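Visitor: got a predicted model here, sequence first, then my questions.
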Amino acid sequence: MTAKTLALTVVIGVSALAATAANAEGNNLYVQLNGGGSYGLTPKSDIGHKVLGKAGLVGFEVGYQINDHFRAGVGVDYRVGYGFKESETQDTRQDTQGKLKSLAAMANLYYDIVEVNGFTPYITVGAGVAKNIFKGKKDYFGLSGPTDDEHYKGAKSSFAYKMGAGVKYSVSKSIDLDVRYQYANLGKIRIVPATDPVENGRLRAHEAILGLSYKF
């Protein structure tokens, strides 16, 4: 996913939502800022059983309240901080470490179940594209200390999706607080070492999100 692709995805989504809002009675357009934590799971495939660990998440979304139950939005999320370290000892010791970040753009659909005293539980699904960027290195050690190192890198764009459930609370006519859990599958990870074969896996994560939205 290039910067042009990401920008085009967001522009198309925002334009569609703006056109819908302009043609509707009243205005249910909203913007939302999100922050939270992401816990990366094992990538599976060639990368093996390395747990990617914790990352921070920031994002924004432009959305539209279609009716009392359905909302739709287009959002961009940035995740940074995934990483792993491991040590292997065969004839010599090998220490491997890596860091991973992800930029994703998705179209999201929400179903608001029922509003009770300002609280509205909901479920959500989303789909789009994500670009995952990996950097790392492997250090080799002999009996007298470090002997060599090898650098890893990789970037891969692919289909991504998420699903979750949450509760939003109406602070005022214009402001909502949003608390959500979601599972995200952010597509493929590609690692290209200098000498070893290319490794592939998938970035999957459990996430906790806190959001603040403003309705126009």
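Guide: That came through fine.
Visitor: okay, buried residues for the lengthiest strand in the chain please.
Guide: Of all segments of type strand in the chain, defined using DSSP state E, the longest is strand 145-170. For strand 145-170, the neighbour count (16 or more other Cβ atoms under 10 Å) marks 152, 154, 156-158, 160-162, 164, 166, 168, 170 as buried. Glycine gets a C-beta too; all of them are placed from N, C-alpha and C.
Visitor: ok, those vs Leu210, which is closest?
Guide: Set against Leu210, the nearest of the buried residues of strand 145-170 by Cβ to Cβ is Gly166 (9.7 Å).
Visitor: neighbours of the spatially closest residue to the closest one that is not a sequence neighbour, how many?
Guide: Leaving aside its chain neighbours, Gly166 sits nearest to Arg180 (3.1 Å; criterion: Cβ to Cβ, 6 or more residues apart in numbering). Close neighbours of Arg180, defined as other Cβ atoms under 10 Å, add up to 20.
Visitor: heading C-terminal from the strand or helix carrying Arg180, find the next helix or strand.
Guide: Arg180 belongs to strand 175-191 when assigned by DSSP states H and E. Going down the chain from strand 175-191, the next helix or strand is strand 199-215, by DSSP H and E.
Visitor: that next one packs against which elements?
Guide: strand 29-40, strand 53-65, strand 145-170, strand 175-191 (3 or more Cβ pairs under 8 Å, 6 or more residues apart in numbering; DSSP states H and E).
Visitor: hmm, 6 Å instead?
Guide: strand 29-40, strand 175-191 (3 or more Cβ pairs under 6 Å, 6 or more residues apart in numbering; DSSP states H and E).
Visitor: can you tell which of these is closest to Ala105?
Guide: Taking the helices and strands packed on strand 199-215 one by one with Cβ to Cβ, strand 175-191 is closest: 11.3 Å.
Visitor: can you list contacts of that closest one?
Guide: For strand 175-191, contacts defined as Cβ atoms under 6 Å, 6 or more residues apart in numbering pick out 43, 102, 104, 130, 132, 134, 152, 154, 156, 158-164, 166-171, 199-205, 207-211, 213-214.
Visitor: show me what Tyr152 is bridged to.
Guide: Gly136 (DSSP bridges).
Visitor: so it touches Ile133, yeah?
Guide: No. Checked against Cβ atoms under 6 Å, the pair Tyr152 and Ile133 is beyond contact range at 11.7 Å.
Visitor: chain neighbours aside, what residue packs nearest to His206?
Guide: Closest to His206 by Cβ to Cβ, 6+ apart is Tyr39, at 4.9 Å.
Visitor: same deal with Asp77?
Guide: Gly59 (3.5 Å).
Visitor: who does the one you found form a beta bridge with?
Guide: Beta-bridge partners, per DSSP bridges, of Gly59: Asn34, Asp77.
Visitor: do you know how far the closest residue to Ser174 other than its chain neighbours is from Gln65?
Guide: Leaving out its chain neighbours, the residue that sits closest to Ser174 by Cβ to Cβ, 6+ apart is Lys215, at 5.0 Å. For Lys215, the distance to Gln65 (Cβ to Cβ, to the nearest Å) stands at 8 Å.
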